Every structure is written in C-alpha cells, then in structure tokens.
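Peer 1: Pasted the sequence and its predicted model underneath.
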Amino acid sequence: MQTIINQTGISASTAGFDQEALASARNFRLIMDAMARPGNIVRLGLQKQPVGKMSAGSQMVALTLCDHETPVLLDTSLGEEPVEEFFRFHCGSSLVDDPSKAMFAFLSGVPDADMLSAFSVGTPAYPDRSTTLVIEVDGFDSQPDKGLALSGPGIRNVHYLQVSGIDAHFWKWWPGNASRFPLGVDAILVSDDAIVALPRTVKLMEIA
Amino acid sequence: MYVAVKGGEQAIDNAHRLLAEKRRGDQQVAEVTTEQISEQLTLAVDRVMTEGSLYDRSLAALAIKQARGDLIEAIFLVRASRTTLPRFGYSQPIDTGSMEISRRISATYKDLPGGQILGPTFDYTHRLLEPGLEDGNLPEPAALGDADDQPAPHVLGLLSEEGLMEAPSSGGQDDEPDDLTREPLSFPADRDLRLQNLARGDEGFLLALGYSTQRGFARNHPFAGEIRLGTVEVEFVPEELGFPIVLGEIEVTECEMVNQFKGSKKAPPQFTRGYGLTFGHCERKAMSMAQVDRALRAKELGEDEIAPAQDEEFVLSHCDNVQATGFVEHLKLPHYVDFQSELELVRRMRKEQAEALREAAE
Amino acid sequence: MIHKDNISQRQAWMAVLSKAACEELAMLWGAVSDKPSYELLRKPETGLVMVRGRMGGTGKPFNTGEATVTRCSVRSDSGKTGHAYILGRDHKHARLAAEVDAALQQDENREGLMTSIIMPLAEQHEAKLNLHRKKVAATKVDFFTLVRGEDE
C-alpha cells in the first residue's frame, strides 16, 4: 500500500498541515501576534503550493482559524472547486453567500462598498461575532514616512505600512469601520506567506 | 482570595502510588478488565456515558476502573477526556420513532400498536439477593418469541390526534438549538438548553427533584406516557460529502411523561408533556428528567412558580455533578491563608465585643 | 454532479460499513484480490459529534451529548475518494471503510464488491438483529384490567 504521509499529519499532496497540532498552534501564535501588533509584517513561514487562487498565507490562516463553527464566504474569484473543497474537507467549514452570516471572508481583492458594509460587525453583547476579512494583496513594505500611518492599541506612536495591489477604496472605507468600535470587522491582508493584521482598533492615515 | 501553596510533591506522588495499589486491591484476586465492566456493569457504563455526556462504552468503562467505581469521579474523567478531542459537528436529530426497540412500555395505554414490551428490566423482580451470582453460574438462555414487523409509533402521538395532548414542542423541527458546551448558560434558558443541561445532569439530583414534584412541590401528577429503550442510527452530514451518512448505532432511553393540566390564561385544559432522553439504559434518569423538564415549563404554561423543581436557575445551576463536586471538593484544598485571616477577624471581633460589654458594665 | 440514486446507494453501503464488525470487514476486504493502492488524504482521526434529539421525540431539536467518531479519507490510484465516519475510536475500522467506499465508487468493481462485502455484512447485521428481536418479542406482555368487585 502506497501512502505519502507522516505519523502526525495530513498528506502533503492535499494541502493540509503536515503536523496538524504543532503547525496550527504555531500559526495561531503568529496570527495572534500579528493582531496584537497591527501593521507588523508577519511571515507564517511554511511554504505551500497555492490552492486555486488562494495563497499559502490564506491557506494557513484558514487551516488555523476555520472549522465547522465558522461559516466561510469566498468571493467569485476564489470560489472555485479546489478552494471550496479545501474549505469543506480540511476545515469542515460550510460555505455561505450571505456576507452577514460569514465568520470569515476569503477574498481575492477588496469587495465593493455594498458588500463591505454587509459583513457582520458583531453585536454589542458579542462584538467578536463579526466577520474577519482575509484579503489577498501583492506585497507589503514598511518604509518610514510613506504609504499609511497606523496608530492605535498595539502601536507605539506610529507604524508605517505600504501595501501594493489593494484597491484604494478600502482605505476610504476603513475609518467608518473603525469608528463603530467595539463593533466592526477585522482584516488580515495576505501576500504569499506573509500577513498583516488590521484589527478594528487601528486608525489609518494616508500619507500623500 | 486564593493563595497558592508550594511543596508536597513527593507526598503527592506517593499518595498516587498508594492509590494505584489500592485500586488494584488484593493481587491474589483476578484483575477486572474494562471489557468485563463494559459487558457486566452495563448500567454503570450507561450512567457514566450519559452524565459524562460522551457516548463511548470503552472510555466510560476505563473511567470506572480508574475511578475505583466512583461514578462521579468517572464522569469527571470522561468530561475531561472529551475536551481533548476536536468537534466534527452536529448530528441530524435522532429518530426515536424508528428505534430498534428492546423495551417499550406505557402506563397510560394498555393496548397500543406494537405492544407492551418489557425487555430486560428489574421491574417485577422481588428484589431478593441471588446468592447464585456469587458462584458465577451461566444464566438460562433468553426465551425466543415470534418477532413481528408491527410498527411501534410514539404513544403520545396517538392522543394528540384527539387534540387533548399538546404538541411535542413549540418551535420548528428545523430550529437550530443552542449548545451549552459552546456558550455558557444564561437565564432565562430556553427549553433546548434546559434539556441539554438536564441530559447531563446528576441522576440523584434529578430523581429527588422529580420525586418532589410528585409529593406536592409543583403539583403535577405525572403518568409515564411511554418509556422506550433501544438502538437508533446516528446520521451526520460531512461538509465534504454534503449529504447525511450513518455513523453507526447508539442505544438510548426515552421517556415521555404526561401531566394533566387544568388550564391557565396561557393554555386550555389539556395534557402536557415532559421529555427525557439519555444514552444507554438510564430509565430512572430519563423519567426524572422528563418530570423536571415538565416542572421547568411552569412559566411557559402560566403556572404558579412555587417549588424548587420549577426554579430554572436553581435546577440548572446545580444539576451538573462535575461542577458541583468540583466546588464542594475544592474545600479540601489548602485554604490556610484564608482561614488565618478569618481567625484574626473573629479574634478581633471577640475582643471588640468584650470591650464593648466591659464599657457598658462600667 | 452526482446522480441522486448514486447518493442513496452510497449512503446505503456506508451505513452497512459503519455498523459492521471491524474483524468481519477486515476479513472480507482482505479476501478481495487486485485491490488498488490508496493514498491517505486524512489519516484516521478521532473526534466528536454532538448527537441531537428532539423534544417529545418529534419536536424541536436539542443537543443531547457527544459521541466519539473516527474519520478517514483515502484516494485510490484511479482517483476515487473514499470517506468514512464511524462511531467509536477504531482507526482500523475507519480506514477499511474509507478504502471500501473508494473501491465501491469504481463502476466496474461495484457489483462484485456489493456481493462479496456489503451483502454478507448486511446479512450478518440482520441475523444479529433477528435474534435480538426474538428475545425481545418473548417479553411482550398483555396487561388485563381487572374490574373491582365493589364497582360492579
């Protein structure tokens, strides 16, 4: 009998974690750190083949955070058979079309304003029951005095961030989202295996 | 305030070694196997599965062996064990109407479709000890009868056709129930959460509460509308398949209690229902659960809430024996600092009182 | 798109596999020659399913308690994916059931495997049930309601 598998994991050929418990614990720590330090570029480090249009980073976020209790929305560009199968098989997540029902939205780009405002922002009793957006972008950099100036909890003074391959209306929409605190959505931007977290507490200023 | 203590590692290790030796008992006597527990102490296993809230016979048997037969300790072990396992999801609701029946009785209807089936029961035994069991003799084989394919519908369904029996529940068949293993219990709790809480609740506590309702504390005289024991299929829809599949079969006990209800502002005179469901064969538990479920519906039915069994917060907050034993038994752990401060407080109060008395006397 | 009849046929064999005794399944599957080779997509893994009941047996659902379940997924070298979800913690049972599920999806094998594996397992289960039913039937009782003298 031929098997390609190690003792603790899922076969590499189908894009699950090779060492499920260790990898998800390690990734959880990294994603948590990213959320605690908004704007920091965090490399998740495990190299994986893209599944459909989903980057290695998005896959790792999904394998770490999504399960049968987190309905997932995929935008039309990501919602292809291999990606859908990935979520159903590896995460056990149900796929939904209604943005307000999604705990996570995996997006190939920034959705239009109507959709952005349709995601769940949580309730006053349970502000955590909001959608987390996971958006694919082209790349990040953190040169001083350029791009975006981030401030807020988890940032000493100011943190500079440049994001390429993201539709600029996202930055126009963000202040409205942040102003609803404690309600609001959180976002994780992903490029290859690197992530940048933008929790709803982040204040953004675009630098000309 | 909790204050930590340090030390005692060696004594604790040795206490556990002594425990292990005591657990084994006289080593001249054959060791009990978990298979033996599972096969021969079946009802203990069933109780541990029900109140441990985990259907797994061999895990429950292991827990009973490890706990030296202390069932609440075994239930605690099973609850702890389940937290180490990932959740795959929720089953489709089991269909007790299509149960493969081992026992099925009704105290309200003599002649019911499918018949009265006693099954393996302690009922009608004389409760005399059988010394023969000490010698380990083989039992007489079970008698064989003629099995028919007669369906055995739920008894209370027959009454509801006349309109005198309330519907099995308010709410739709497809409603998504809440889950207290995911969200902590808050009050008022809906009936779905109450039933989940009661299903894992302590048999002794629920038995006493059920008994209290019969003795006048809540005043609803119940009939055992139907008790059934048997196996049902468990179905589950894996996301990757998208259709329901059978995972296997489990044994369950179901009890439907019927209570006469003289009517209130909220509902006309009719028969009302209480429901009990357990893993394995836990008949006393299922009956008590059904009684308490009914008592807890007081508010919904517009009854006076006068008895402990009707007090949702009292019942639900105290029926979990793992929580209860955790809080009661924690009193054994060192509270030296807490007690020292209490001691000083009492000394001071004594002194102050003595001084006050002296001043008054002068 | 999978045809509806195919789904119900697959549900039926998956049900039989889930209820089978693992040793019987291992013996029957072991006797099959020319088996494909399998890649493990998901090694046998034990977890929990929350079992639901209904109020009054037919009403609104509620969560009753969990059950251990072991799942496994394999892919045959001809590309068929087999899944198993089986009550309990028997990794071998889940693995065997997933392999047989994959094999049964191969059109040219199905009839043979239904005859050599699924039918015998279903018959064994039925035979056990029939014996159980006879024992239970012997305890069926008729209660007579007696008229008390003073009531006439």
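Peer 2: Structure received.
Peer 1: drop to CA atoms for contacts and neighbour counts, all remaining ones
Peer 2: Will do.
Peer 1: what's the pLDDT at A:Asn6?
Peer 2: Looking at A:Asn6, its pLDDT reads 30.
Peer 1: Number of residues surrounding residue 140?
Peer 2: I went with chain A, as the question did not name one. 20 (other Cα atoms under 10 Å in any protein chain shown).
Peer 1: other chain: chain C
Peer 2: 20.
Peer 1: Now do the same contact list for the nearest residue in space to it that is not next to it in sequence.
Peer 2: Spatially, and ignoring its direct neighbours in sequence, C:Lys140 is nearest to B:Ile117 (4.2 Å; Cα to Cα, 6 or more residues apart in numbering or on different chains). Residues near B:Ile117 by Cα atoms under 8 Å, 6 or more residues apart in numbering or on different chains: B:Ser102, B:Arg103, B:Arg104, B:Ile105, C:Val136, C:Ala137, C:Thr139, C:Lys140, C:Val141.
Peer 1: Now with 6 Å, please.
Peer 2: Shown in contact with B:Ile117 (Cα atoms under 6 Å, 6 or more residues apart in numbering or on different chains): B:Arg103, B:Arg104, B:Ile105, C:Thr139, C:Lys140.
Peer 1: Run through who's touching the longest helix anywhere in chain C.
Peer 2: Using DSSP state H, we find that the single longest helix of chain C is helix C:119-137. Contact with helix C:119-137 is made by B:Ser102, B:Gly119, B:Ala143, B:Leu144, B:Gly145, B:Asp146, B:Ala147, C:Val16, as judged by Cα under 6 Å, 6+ apart.
Peer 1: Secondary structure added to the contacts of B:Ile117, as CSV?
Peer 2: Shown next, in CSV, are the contacts of B:Ile117 (DSSP: H, G, I helix; E, B strand; the rest coil):
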residue, secondary structure
B:Arg103, strand
B:Arg104, strand
B:Ile105, strand
C:Thr139, coil
C:Lys140, strand
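Peer 1: Quickly find the element holding the spatially most central residue of chain A.
Peer 2: Nearest residue to the geometric centre of chain A (Cα atoms, centre = their mean): A:Val134, 2.8 Å. Using DSSP states H and E, A:Val134 sits in strand A:132-136.
Peer 1: Do I have it right that B:Gln150 meets B:Gly114?
Peer 2: Yes. Between B:Gln150 and B:Gly114 a contact is recorded at 5.4 Å, counting by Cα atoms under 6 Å.
Peer 1: Compare the two and say which is more crowded by neighbours.
Peer 2: Shown here are B:Gln150 and B:Gly114; by other Cα under 10 Å, B:Gly114 has more neighbours (17 against 9).
Peer 1: Could you pull up the residues touching that one?
Peer 2: B:Gln150, B:Pro151, B:Ala152.
Peer 1: then the least confident helix or strand in chain A by mean pLDDT to CSV, C-alphas only?
Peer 2: Here the helix or strand of chain A ranked lowest by mean pLDDT, DSSP states H and E is helix A:20-36, holding a mean of 88. C-alpha atoms of helix A:20-36 as CSV (Å, rounded to 0.1, in the frame of the first residue of the first chain):
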residue,chain,number,x,y,z
GLU,A,20,-1.6,19.4,12.4
ALA,A,21,-1.4,20.2,16.1
LEU,A,22,2.0,21.8,16.1
ALA,A,23,1.5,23.8,12.9
SER,A,24,-1.9,25.2,14.0
ALA,A,25,-0.6,26.1,17.5
ARG,A,26,2.4,27.8,16.0
ASN,A,27,0.4,29.7,13.4
PHE,A,28,-2.2,30.6,15.9
ARG,A,29,0.6,32.3,18.0
LEU,A,30,1.8,34.1,14.9
ILE,A,31,-1.6,35.3,13.8
MET,A,32,-2.3,36.4,17.4
ASP,A,33,1.0,38.4,17.5
ALA,A,34,0.0,40.0,14.2
MET,A,35,-3.3,41.1,15.6
ALA,A,36,-1.6,42.4,18.7
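Peer 1: quick one on the thing from earlier: buried set for the longest helix of chain C?
Peer 2: By 16 or more other Cα atoms under 10 Å in any protein chain shown, the buried positions in helix C:119-137 come out as C:Pro120, C:Leu121, C:Ala122, C:His132, C:Arg133, C:Lys134, C:Lys135, C:Val136, C:Ala137.
Peer 1: could the residues you listed be laid out in a markdown table, adding pLDDT?
Peer 2: Below are the buried residues of helix C:119-137 laid out as a markdown table (pLDDT from 0 to 100):
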| residue | pLDDT |
| --- | --- |
| C:Pro120 | 97 |
| C:Leu121 | 98 |
| C:Ala122 | 97 |
| C:His132 | 96 |
| C:Arg133 | 96 |
| C:Lys134 | 96 |
| C:Lys135 | 96 |
| C:Val136 | 96 |
| C:Ala137 | 94 |
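Peer 1: what two of the residues you listed have the greatest distance between them?
Peer 2: C:Pro120 and C:Ala137 (25.3 Å; Cα to Cα).
Peer 1: As a check, name the ranges of all strands in chain C.
Peer 2: C:38-54, C:61-76, C:81-87, C:140-141 (DSSP state E).
Peer 1: ok so, going back, quick one: which of the contacts of helix C:119-137 is the most crowded by neighbours?
Peer 2: Counting by other Cα under 10 Å, top hit in the contacts of helix C:119-137: C:Val16 with 23 neighbours.
Peer 1: which SS state does the closest residue to chain A within the stretch 51-200 of chain B fall under?
Peer 2: Nearest to chain A, among the residues of the stretch 51-200 of chain B, is B:Gly89, at 6.1 Å (Cα to the nearest Cα). Classification of B:Gly89 by three-state DSSP places it in strand.
Peer 1: Next, count neighbours for the nearest residue to it once chain neighbours are set aside.
Peer 2: Spatial nearest neighbour of B:Gly89, excluding adjacent residues (Cα to Cα, 6+ apart): C:Val49 at 5.2 Å. By other Cα under 10 Å, 24 other residues sit near C:Val49.
Peer 1: what about stretch B:98-106, distance to the chain center?
Peer 2: Averaging C-alpha positions (Cα atoms, centre = their mean, to the nearest Å) puts stretch B:98-106 20 Å from its chain's average.
Peer 1: per-residue confidence at C:Leu146?
Peer 2: 65.
Peer 1: And the one 3 residues further on, by the same measure?
Peer 2: Listed pLDDT for C:Gly149 reads 60.
Peer 1: quick check, B:Ser288 in a strand?
Peer 2: No. B:Ser288: not assigned to a strand; according to three-state DSSP it is helix.
Peer 1: OK, contacts around the residue of the stretch 251-362 of chain B found nearest chain A?
Peer 2: Proximity of the stretch 251-362 of chain B to chain A (Cα to the nearest Cα) peaks at B:Glu313, 21.0 Å away. Residues in contact with B:Glu313 (Cα under 6 Å, 6+ apart): none are found.
Peer 1: what's the spacing between the host helix or strand of it and its chain's center?
Peer 2: Assessed by DSSP H and E, B:Glu313 sits inside helix B:312-318. Offset of helix B:312-318 from its chain centre (Cα atoms, centre = their mean): 14 Å.
Peer 1: and if you look at stretch B:333-341?
Peer 2: Distance of stretch B:333-341 from the chain centroid (Cα atoms, centre = their mean) equals 35 Å.
Peer 1: same question, stretch B:79-96
Peer 2: 16 Å.
Peer 1: Regarding it, how distant is the last residue from the first?
Peer 2: 25 Å (Cα to Cα, to the nearest Å).
Peer 1: which other residues reach that stretch?
Peer 2: B:Gly52, B:Glu235, B:Phe236, C:Gly47, C:Leu48, C:Val49, C:Met50, C:Val51, C:Arg52, C:Gly53, C:Gly57.
Peer 1: Now the first one. Nearest residue, chain neighbours left out?
Peer 2: Read that as B:Gly52. Closest to B:Gly52 by Cα to Cα, 6+ apart is B:Ile75, at 4.5 Å.
Peer 1: And for B:Asn321?
Peer 2: B:Asn321 sits nearest to B:Asp202 (Cα to Cα, 6+ apart), 5.4 Å away.
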